[in-house]
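Visitor: Just need the structure, nothing else, for what follows:
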Amino acid sequence: MFDVHDCIAFLTNHGAKAVGEAMNQQFKKKDLTRVQWMALYYIDQKGAMTQKELAAAMMISEPSAAHLAERLLQGELIRREGCAENYRVKLLSLTEKGKAALDELFPLVEQFNRQGTQGISPQDLETFKRVMAQMVQNVQE
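Guide: Purely as a prediction, here's the structure:
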């Protein structure tokens with residue numbers, strides 16, 4: 001008989017919600033959400049990116065990325081500028097305020113990661129990462 005507690009969709013969703021909410025509680029102290037922090041991280045890693053690229057990197061819809069970008073623009077954490085090669089393309093990049101917010105939250109993320117993985121061996125963590133990557137690849141095919 002089927003048990004939802006053995007379903008990978010249930011298990012991963014349940015785990016992601018629990019971890020995501022706990023991380024949001026930590027970020028609330030800094031007036032950011034985990035999703036906003038992730039967007040700042042991806043933009044910082046690439047240097048500048050389009051909303052479409054941000055949506056793909058974060059695995060969210062383009063309208064969601066547009067809404068997220070607007071919130072970050074209003075908070076003066078990112079800027080939107082034209083692209084020299086294609087005037088129709090708008091690139092998102094971090095402002096100094098955005099870079100400072102990202103840098104300020106890195107220690108919080110590192111502490112959160114240490115807390116969340118406490119008592120789990122490095123080998124088990126590597127297995128977890130490998131299995132999650134394989135499941136994602138399996139469902140995307």
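Visitor: Spell out, range by range, the strands that occur in this structure.
Guide: Per DSSP state E, the chain has strands spanning 78-82, 90-94. These are given in chain order.
Visitor: Deepest in the core, which of these is it.
Guide: Among the strands of the chain, ranked by average contacts under mean count of other Cβ atoms under 10 Å, first place goes to strand 90-94 (a mean of 20). Where C-beta positions appear, they are placed from N, C-alpha and C, glycine not excepted.
Visitor: ok, residue 37 touching residue 102?
Guide: Yes. Proximity of residue 37 to residue 102 meets the contact threshold set by Cβ atoms under 8 Å, at 7.1 Å.
Visitor: Just give me the neighbour total for the residue nearest to residue 40 when sequence neighbours are not counted.
Guide: Distances taken as Cβ to Cβ, 6 or more residues apart in numbering put residue 102 closest to residue 40, at 4.6 Å, once the chain neighbours are dropped. Burial of residue 102 is recorded as 20 neighbouring residues (other Cβ atoms under 10 Å).
Visitor: Is it correct that residue 102 is in contact with residue 39?
Guide: No. Contact status for residue 102 versus residue 39: not in contact, 9.8 Å apart, counting by Cβ under 8 Å.
Visitor: ranges for the helices of this protein?
Guide: Along the chain, counting by DSSP state H, helices occupy 8-28, 34-46, 51-58, 62-74, 96-116, 122-140.
Visitor: Could you say which one of those helices comes nearest to residue 89?
Guide: Distance to residue 89, taken as Cβ to Cβ, is lowest for helix 51-58 among the helices of the chain, at 9.2 Å.
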